[in-house]
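> Quick one, fold the following:
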Amino acid sequence: MSLKGLGWLEGLDKQRLFGRYPLPPSNPLQLPAFHSKLLDVAVCQPYTAILTPTKLIVVSLKPSPTTIYRVINEKPSDHTTGTLAWNNNTLVFNWSNTVYKVNLDDQITHSSRVYDRKIMSSHWIDSNLILLRSPTTFDLVEPASLEILESQPYDTSHLPNTPSSFQVLRKKCFFLTENHLSVAFLLNYKDRLGSLAKDGKYIEALQLAVAYFKGEGGHRLTTHLPDSTMERQPLVQPFLSSLLKSSTTYLEKTITAQSKEALRYLAKHMIEAAYLIDNLDWLFNEIFDIYQNNKLEYPFLVELEPLVRYGKLPVIPPNMSQLLLRLYDPKDHPGRYEELVLNLDATQLDLNGVIKSTKIHKLWKAFIYVHLTALGDFLTPTLELINSIRNDQQEGDKVTLFDYLGYTLSGLLYPSQKALESIDDDYSEEGLSFRGKTSIYQLLFNGKLHSDDINTSDNYSYPYVRFLLALDSRLFFAVLNRGFEEGYFNDEGTSRPLSRQTIVNLLLEMIYTQDLPIGTITQIEVFVSTNLSKYPQFLMLPSSTILQLIMGLSEMQDDSEGNQDISGASQNERELAVESLLSTFTPNSLNKILDQLIEVFERAKFYKILKSSYRTKKEWRNLIRITLEDIYDEGLFENLNQTFKWSRDDVELFDVFETFVDTLIRLDADELVMLVDKHSNDSDEVHTNIVQWCQEKRHIVEYLAAALRIRNGELSDPLKDIYITALATYKKEEVYGAIKAYDFNHELVDRLCVEGNIIDARLYHLNAEGLHKEAFDYLRHSTSESADEDTLKRAFKVGMKIAIDYAHNGSEEANNMWFIVLSSSMTAVRKYNWSNDILDEILNAVVLHTDLNKMTFSTLFRKLVDHFMVEPKGEDKPYDQLRSVLMCFMDSIRSRQEIFSVARRIMDRDAASIINEYSEKRRSGWSASEKYRNELDELRKYNEESRKLSEIAEELEQQGVDYREIFEIPPVKQRVVKVY
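Model (predicted):
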């Protein structure tokens, strides 16, 4: 056979396609852990994909063979399996349980997903579905996310695992074994439902159809159902209806052979299906009849009950309503029984039985619901609740009564809040809503007991109003307010037995003719007052009555001991009511009334009314006084500022502040200072007066501190003297900060510090005066005297800061300061048994801020040792503190030595190559090598310092002090320093 005509074969570049592999090693031990092999090869013109356990290579054959994509398997093994599958320019492949997708369109993209099963092969069903084959399942996967949409159990382990044993072609799957060929294809929703019905699995088919109808079964890519509910449900409904009838036939034939659990299972799915397609006639007339004819109603009713209880089935046959109520005994399951009643049509119930049961077990919501919707009776529930409260005094019954009355007077059904007009669809005076309101008003405001009321002992007029007022007057008037807001009273026709005016007159009559508690009277006055201004076109009262109401609301009613307000309404409620009454007067009448009642309002503390009156009359002093009395008003300082503006900064107004300054300072000292500075001609004089008015001396400190802060220290000398004196008396710890921030009388400060033993402030003060020697002598002297811990520690910290400042300025005085601070702190730690915290803090400061050119650690340490070693016998030596000092110094030397050693090594390394350059530049006048020499001298100095400290320790050891055991001095390795 001649191959000359096949020119393309000569152009194949095998090296390019498959890669160049080295020859096998002669030594078998050098073989790789596993041998490379081809797992699969797939072609999709112009691409060829080659899969091995270690890599995937995609080669483009046009215009010339080129590798366009490569990916490495990060976890290869001898057991790695894999297959390839093309769909247009998209490649799907897998390594064991990891599936990859590579898109080779304009821009190469890839994604992957790990599954919990071994993938034997991957196949494209179509461009929207991928089929993954595992040993136990077939999985349908969405290409975009590689998420499994559906899984079908199937044991494929018996099939030969060869590329030709399983193939997908034109959306069909072909299984090839030694003996036969099997074909499988993807079922849509019609096929799946039909297949189940054909096999006689009607309930499973019905259950699946319900899932399809609700959008919960399968994925649109596998079921071919649209996502839209409006489009999906019309497609499934015919199947659901047909399967419901088939299931009914199946139920009828097998009902006697089914267990109770199976019957409940059947009822559950058939009820849900009938409910979804709104075929309740079939449910009640066909399915329920089958259960009832076989005397097996219970399983059906148990599954139907949740739909009724949650209000999904408002209408059911009367006989079924009775049967449902029998499911639950109101004694054992009162909640469920009541919910069922509330969600059933009351007209179809056994009214006598339901009313009796709900009354006995006090299921008032159901009791009221049945009376209102079935009987249109609003009086019986009211009377029954009132009598129940009279007998038992239960809080829940009280809340139910007021809620029921409020809903009814608002035109709502209790407890659902559904509009009463919507029940009978009658908006006229014959309608349920109108009749309900009229019935309630007539009962409550009837002068006598109702004929059906079993209580005959109440001989007072208006017994029901009295009862509700005594029960809870606030809730009663809240209900009445809701009724007033309704349009029921707007058209005062003859069919309305009462009006707003009639009810108000009746309530006022009860105030003056009946013996009511003070709290109830106040509540009536508040109710009448607020509604008088709210409904001026419907309510009118004579001026004398209005004045009586104002006087009544303005009276403070205290208990027998005069301690507690028992008026029944808050001050704010009474003041708002009085404002409503005052708004009914003309301006001229109002001014006269205010003049007459101003003292009454003062006693009642009606601040809003008083402020308005005094502002109108321009009585600024009184306005300031009332504003200050209303001390907890959020806008207090803003109102004061505004009043001063209106008064054109009348200086005399500040005299009113005398009795309020302590409270004002407690509220906001800064605001008070700014108020004085802004509106006084001589602010220092006013500040002085305020200080003198302070009853609590600590407020003097707080106020003058705010004044100094706001005025940046610009305050008169007498006020400064007052401030620093008060500060030294009440807040000694703040004196140092004050004299550091502001300038004070130096003699006074020194005297106060001495008298108050304020060591830190006097130390700072003496140093600021240039007396640093005296300052530190004072610190040393104060340490030996009795002083509290906080005072001394503050003093040590101030001394430390001063020493740091002197050290930074290069002063030699810093050495002595450090010695005094260290020795004094060591004495205090030993004498007062403190912890070493303050000493550690000072040592850190010494190490950080000491220049060894000015003072060496060895010199400072020797002074400390000499100081404490010469103390009288019998005194405990501060070995622990000296050890801390020595160890700190040694650690500092070592750390600095290490830093310079590192620098020296770096310099040694570079010096060999640049020494000639240094020499040449030095001859030219550059000082680089001199700088290098200085750095090495610094290193040698630290070595010398370490040696001196060691020598001190050895000296002490020779004197009989076992210093090495106390200090545990680490050996310091000497280094040879060679200067270039």
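
> Using CSV, write out every CA atom in stretch 504-524.
Extracted in CSV, the C-alpha atoms of stretch 504-524 (Å, rounded to 0.1, in the frame of the first residue of the first chain):
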residue,chain,number,x,y,z
VAL,A,504,-69.3,64.5,78.1
ASN,A,505,-72.2,66.0,80.0
LEU,A,506,-72.8,62.6,81.6
LEU,A,507,-69.2,62.2,82.7
LEU,A,508,-69.1,65.7,84.2
GLU,A,509,-72.3,65.0,86.0
MET,A,510,-70.7,61.9,87.6
ILE,A,511,-67.8,64.1,88.8
TYR,A,512,-70.1,66.4,90.8
THR,A,513,-72.8,64.0,91.9
GLN,A,514,-71.0,60.7,92.6
ASP,A,515,-68.3,59.8,95.0
LEU,A,516,-65.5,59.0,92.6
PRO,A,517,-61.8,58.5,93.4
ILE,A,518,-59.5,61.4,92.8
GLY,A,519,-57.6,59.5,90.1
THR,A,520,-60.8,58.8,88.2
ILE,A,521,-62.0,62.4,88.4
THR,A,522,-58.7,63.6,87.0
GLN,A,523,-58.9,61.1,84.1
ILE,A,524,-62.4,62.3,83.3
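
> quick one: buried residues of that stretch?
Using 16 or more other C-beta atoms under 10 Å as the test for burial, stretch 504-524 gives 504, 507-508, 510-511, 516, 518-524. (Glycine included, C-beta is placed from N, CA and C.)

> cool, and stretch 85-101?
So, applying 16+ other C-beta under 10 Å, buried residues of stretch 85-101: 85-87, 90-96, 98-101.

> domain assignment for the chain?
8-180, 499-606, 667-885, 893-967 (automatic domain parsing).

> buried stuff in stretch 519-539?
For stretch 519-539, using 16+ other C-beta under 10 Å, the buried residues are 519-532, 535, 538-539.

> how much space between Asp760 and Thr729?
16 Å (C-beta to C-beta, to the nearest Å).

> what about the two, which has more around it?
Asp760 (26 against 16; other C-beta atoms under 10 Å).

> then stretch 776-793 to CSV, C-alphas only?
Only the C-alpha atoms of stretch 776-793 are listed here, as CSV (Å, rounded to 0.1, in the frame of the first residue of the first chain):
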residue,chain,number,x,y,z
PHE,A,776,14.9,66.7,94.2
ASP,A,777,16.1,67.2,97.7
TYR,A,778,12.4,67.7,98.6
LEU,A,779,11.6,64.4,96.7
ARG,A,780,14.3,62.5,98.6
HIS,A,781,13.2,64.0,101.9
SER,A,782,9.5,63.3,101.2
THR,A,783,10.2,59.6,100.5
SER,A,784,11.5,59.0,104.0
GLU,A,785,8.4,60.6,105.6
SER,A,786,5.0,59.1,105.8
ALA,A,787,3.1,59.5,102.5
ASP,A,788,0.4,57.5,100.7
GLU,A,789,1.4,55.2,97.8
ASP,A,790,-0.4,57.1,95.0
THR,A,791,1.1,60.5,96.1
LEU,A,792,4.7,59.1,96.0
LYS,A,793,4.3,57.2,92.8
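
> can you list contacts of it?
732-733, 757-760, 762-763, 766, 795-796, 799, 816-817, 820-821, 823-825, 827-828, 831-832, 834, 838 (C-beta atoms under 8 Å, 6 or more residues apart in numbering).
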